[in-house]
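In: sequence first, then the predicted structure, then my questions.
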Amino acid sequence: MSLPAALRRARFPESVLEVLRTLGAAGHRSWVVGGAVRDLLLGRVRDGVDYDLATPATPAQVTALFKRVIPTGIDHGTVTVLTRDKHKVEVTTFRGEGAYLDGRRPASVTFHTDLEADLARRDFTVNAMAFDPLAGELADPFGGQADLAARRIRAVGDAAARFGEDGLRPLRAVRFAAQLGFSLHPATRAAVRGALPVVRKVSQERVGEELGRIAQAPHVDRALALLGTTGLLEVVLPPLASLPPAARRHLGAVAVTLPVAGGAPELRLAALLHLVPAADVEPLLSWLRFPRRVAAEAGALVARHECLRQGPPGDPHEPAAVRRWVSGHGRERASALLALRQAEVQAAPAAQRRQAAAMARRLSVHVAEALASGAPLSTGELSLDGRALMGLLGIPPGPLVGEALRALLDEALDDPGVDTPERLEALARGWWAGRSL
């Protein structure tokens, strides 16, 4: 079979080729494996991608061949080679695995020299391919190329056995479907439900990591549907499992329209959870070991989002009211709430969409004007800071300073023209005199 054009065109970092050449010269033909090969075939390779290598050389043999080696996972055959150009290349010995006793990791590993046997232990066929860029040869013993062409995720070998070994694999299957826009092979999909007891053994932290990746995937709506139909939703996101299918479809439709800015998942998470009681969102994400900031921000967005299904009140349109709206939420959160509102408008039923879209557009215009106006929207943006205020009023650091700044901001939100040092000083003296009476 001829080599796919994507691999003929592929260019690899010199650090990867250096390691492959050194191993090959010592009689250990080695291969690029896993996600890098899959993404090369899909044309998805990005700058900074990690290239994992698999080799018949033992960790001791790899260590002897290179000057600088880090034993990152040496018990499982993995070391990291530091190349001459100071890049890190992960190298793992071909291995077999013993029984999986905890639903996550094999109790033992054995090293061997059989590439196909090494690929056989991997999760999905699209991840069970290996490429030798020095010889220009692709190893695809389980039909990964065919599954890429068919846009499907299929377990290597018996799906029930693969999922029974590692309870994270069903979630990984959903994540790959969401990231690539693929479907699950029928046998792979059917095996998920039987693996739910094993999924329950996986730590909340690892589940949360997968859910974070799913939330940021281009096809998150597809993932939500798969989580629901396979029973995974009951295990990993119980509050969503109790919602009607139509409500879950709405959540997926809202989430998929939102961008993922800077890799931060909180906006997408808020979209997926905005029909859950707001008070439950932060505890749920904390239980899943999301970072505290992410859990708190997603919870705050859900609490402040006026769901269209609940009939939002009239949006602010007077300039002062808009400034107060932005100030009350903060610049970044106000922008996130607008994005969430606009996404929900796009997912709304046609009969509701026209009026809701007009309201959302008006609010977006007003908020954009407020943000661009230069008017202070927080105490930190006032022309008079806390230090100057303490000197002016003769008060020590403490709650009074914050109270005074908030009073000045309140005046500036009504009339941005007061935001000059002179006028704010006069207002501060008046505030202090009135408070002292």
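Out: Received the coordinates, thanks.
In: flag every buried residue along the lengthiest helix in the chain.
Out: Ranked by residue count under DSSP state H, the longest helix found in the chain is helix 350-372. Residues Arg353, Ala356, Met359, Ala360, Leu363, Ser364, His366, Val367, Ala370, Leu371 are the ones in helix 350-372 that count as buried (16 or more other Cβ atoms under 10 Å). Quick note: C-beta positions are derived from backbone N, CA and C, even for glycine.
In: tell me the one of the residues you listed nearest Ala404?
Out: Of all the buried residues of helix 350-372, Ala370 has the smallest distance to Ala404: 23.6 Å, by Cβ to Cβ.
In: list the contacts of the closest one.
Out: Under the criterion of Cβ atoms under 8 Å, 6 or more residues apart in numbering, the contact list for Ala370 reads Pro319, Val322, Arg323, Val326, Leu377.
In: would TSV of the buried residues of helix 350-372 with distance to Pro244 and pLDDT be doable?
Out: Listed next are the buried residues of helix 350-372 as TSV, based on distance: Cβ to Cβ, whole Å; pLDDT from 0 to 100:
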residue	distance to Pro244	pLDDT
Arg353	20	73
Ala356	21	73
Met359	26	76
Ala360	25	78
Leu363	29	81
Ser364	30	85
His366	35	87
Val367	33	88
Ala370	38	89
Leu371	38	89
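In: of these, closest to Arg331?
Out: Comparing the buried residues of helix 350-372 against Arg331 with Cβ to Cβ picks out Leu371 as the nearest, at 6.5 Å.
In: ok, the closest one - contacts?
Out: In this structure, Leu371 makes contact with Val326, Arg331, Ala334, Ser335, Leu377, judged by Cβ under 8 Å, 6+ apart.
In: now the last one, nearest residue through space, not along the chain?
Out: If the residues on either side of it in the chain are set aside, Leu377 comes closest to Ser327, at 4.5 Å by Cβ to Cβ, 6 or more residues apart in numbering.
In: before we move on, back to that, for the contacts of Ala370, work out which two are farthest apart.
Out: Among the contacts of Ala370, the pair separated by the greatest distance (Cβ to Cβ) is Pro319 and Leu377, at 12.0 Å.
In: higher neighbour count, those two?
Out: Each of Pro319 and Leu377 has its neighbours counted (other Cβ atoms under 10 Å); Leu377 has more, 25 against 16.
In: tell me who's in contact with that one.
Out: Contact partners of Leu377, counting by Cβ under 8 Å, 6+ apart, are Arg323, Val326, Ser327, Arg331, Ala370, Leu371, Leu413.
In: ok, of the residues you listed, which come out buried?
Out: Members of the contacts of Leu377 that pass the buried threshold by neighbour count (16+ other Cβ under 10 Å) are listed as Arg323, Val326, Ser327, Ala370, Leu371, Leu413.
In: as CSV, the residues you listed with distance to Leu285 would be great.
Out: As requested, these are arranged in CSV below (distance: Cβ to Cβ, whole Å):
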residue, distance to Leu285
Arg323, 31
Val326, 25
Ser327, 26
Ala370, 30
Leu371, 28
Leu413, 32
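In: what is the nearest of these to Ala128?
Out: Using Cβ to Cβ, the shortest approach to Ala128 within these belongs to Leu371, at 49.5 Å.
In: returning to that earlier point: which one of the contacts of Leu377 is nearest Leu40?
Out: When the contacts of Leu377 are compared for distance to Leu40 (Cβ to Cβ), Arg331 comes out closest, at 40.9 Å.
In: what ranges does the stretch 201-350 of the chain have for its helices?
Out: Counting by DSSP state H, counting those that start in this stretch, the segments of the stretch 201-350 of the chain that form helices are 204-215, 220-230, 232-236, 238-241, 245-256, 266-273, 278-287, 292-304, 319-329, 331-347, 350-372.
In: nearest to Pro197, out of those helices?
Out: Counting by Cβ to Cβ, and looking across all of the helices of the stretch 201-350 of the chain, nearest comes helix 232-236 at 9.2 Å.
In: quick one on the thing from earlier: just name the most buried of the helices of the stretch 201-350 of the chain.
Out: Mean neighbour counts were taken over these using mean count of other Cβ atoms under 10 Å, and the top value, a mean of 27, falls to helix 266-273.
In: what's the most distant pair in the buried ones among the contacts of Leu377?
Out: Applying Cβ to Cβ across those, the maximum distance is between Leu371 and Leu413, 13.6 Å.
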